[in-house]
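1. sequence first, predicted coordinates after that:
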Amino acid sequence: SQQGEEDPQALSIQEGENATMNCSYKTSINNLQWYRQNSGRGLVHLILIRSNEREKHSGRLRVTLDTSKKSSSLLITASRAADTASYFCATRYAGGTSYGKLTFGQGTILTVHP
Amino acid sequence: NAGVTQTPKFQVLKTGQSMTLQCAQDMNHEYMSWYRQDPGMGLRLIHYSVGAGITDQGEVPNGYNVSRSTTEDFPLRLLSAAPSQTSVYFCASSYVRKGTGELFFGEGSRLTVL
């Protein structure tokens, strides 16, 4: 079954606003990753947060991780029309080996209106 | 660097036909994998490999075969295509011994089975 569940399924905002997407998972994880997918393209890695980290930043991206609640959030600040895409969280099971066997959520479709 | 290259980009098959989706990477990644992406289902792992000569099943392996004779190539074979295999297929690779398992994706192969 899917490890990650994302919320909301779709998000529509205006340029300049912040976008927040949430991800919940079921089992203990080694790390959690966020990916972006533009329409008709492959996924691109955005950011990774390890299970012993609580918050991580990369440019306009901020990721938080709450292992007690088994949840993560991705915040995109000052959004741009070019941020329009689908965003997926992916988790690596803590009991697994150190390779990229990731389980993906269903994704959040973000639309940023100019 | 070409990254991960998938061919073909589009394919239409009739039920019962067989075909092979090709995947090649030039990053010397040990780990390679195949996912399928269906609307509302996120990405589901079909098969994966942690090195030449080593393959294993993912979440949805039925109807698919893989082999890994070289580090660079990881073809996915559909033995007898069924309409349920209509999907977008993604190949992804990553390091095993170094890095954190960040996946690099190809651009996808869109398969329609009539």
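-> Yep, that arrived.
2. whichever strand or helix holds residue A:32: what's the following helix or strand?
-> Assigned by DSSP states H and E, residue A:32 belongs to strand A:29-37. Next helix or strand after strand A:29-37 toward the C-terminus (DSSP H and E): strand A:43-50.
3. anything in the next helix or strand after that next one near chain B?
-> Next in sequence after strand A:43-50, counting helices and strands by DSSP H and E, comes strand A:55-58. No - remark: strand A:55-58 sits outside contact range of chain B, by CB under 8 Å from any CB of the partner chain, the gap being at least 12.1 Å. C-beta: built from backbone N, CA, C; applies to glycine.
4. contacting residues around strand A:55-58?
-> The contact list for strand A:55-58 (CB atoms under 8 Å, 6 or more residues apart in numbering or on different chains) reads A:46, A:47, A:48, A:49, A:62, A:63, A:64, A:65.
5. these also near chain B: which ones?
-> Among these, the residues that sit close to chain B (CB under 8 Å from any CB) are residue A:48.
6. quick one: which of the contacts of strand A:55-58 is most hemmed in?
-> Ranked by the number of neighbours (other CB atoms under 10 Å in any protein chain shown), the contacts of strand A:55-58 place residue A:63 first, at 23 neighbours.
7. that residue in helix, strand or coil?
-> When classified by DSSP: H, G, I helix; E, B strand; the rest coil, residue A:63 comes out as strand.
8. got it, and residue B:20?
-> Applying three-state DSSP to residue B:20 yields a three-state assignment of strand.
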